[in-house]
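Asker: here's my sequence, what's the structure:
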Amino acid sequence: MTTIDTATLRDWQRRHREFTLVDTLPAETFTKGHLPGAINIVSDDILDEAPRRLPDRQATIVVYCTSEDCKRAGRAAERLARLGYTAVYHYVGGKKAWLAEGLTLEH
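Answerer: Coordinates of the predicted model:
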């Protein structure tokens, strides 16, 4: 699994690189605040939801959750790889690292 850090994610956003940002936390947590532009697919639902919501298996996908200690995004990345997605990145720092850089969440 390939990881990505905050600086790289911000660079991709600034350069308008095409990717889908996926928050893997429960819907109620997503509603309270998520990274700008993210969609919500709960990690436990990724096997069922990904084929419909992420139809291009060659598209770049970045998954994240709360922090380095959160295992949801890592599990989601592994599941996406098993489904045949070829460009999956795990933003390991998640929301905690994002906020630590002074960046804001969408609500």
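
Asker: which ones are touching the spatially most central residue of the chain?
Answerer: Centroid-nearest residue in the chain: residue 63, 2.0 Å away (criterion: CA atoms, centre = their mean). By CB atoms under 8 Å, 6 or more residues apart in numbering, the contact list for residue 63 reads 22, 24, 73, 76, 77, 80, 88, 89, 90, 91. Where you see a C-beta, it was placed from the backbone N, CA and C, and this is true even at glycine.

Asker: is it in a helix, a strand, or coil?
Answerer: Secondary structure, DSSP: H, G, I helix; E, B strand; the rest coil: residue 63 is strand.

Asker: hey, what's it bridged with?
Answerer: According to DSSP bridges, the residues that bridge with residue 63 are residue 22, residue 90.

Asker: follow-up on the earlier one: PyMOL command for the buried members of the contacts of residue 63?
Answerer: Isolation of the buried members of those (16 or more other CB atoms under 10 Å) is achieved in PyMOL through the command below:
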select buried, resi 22+24+73+76+77+80+88+89+90+91
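
Asker: which of the contacts of residue 63 lies closest to residue 55?
Answerer: Closest to residue 55 out of those is residue 80 (12.6 Å), distances taken as CB to CB.

Asker: just say helix, strand or coil for that closest one.
Answerer: helix.
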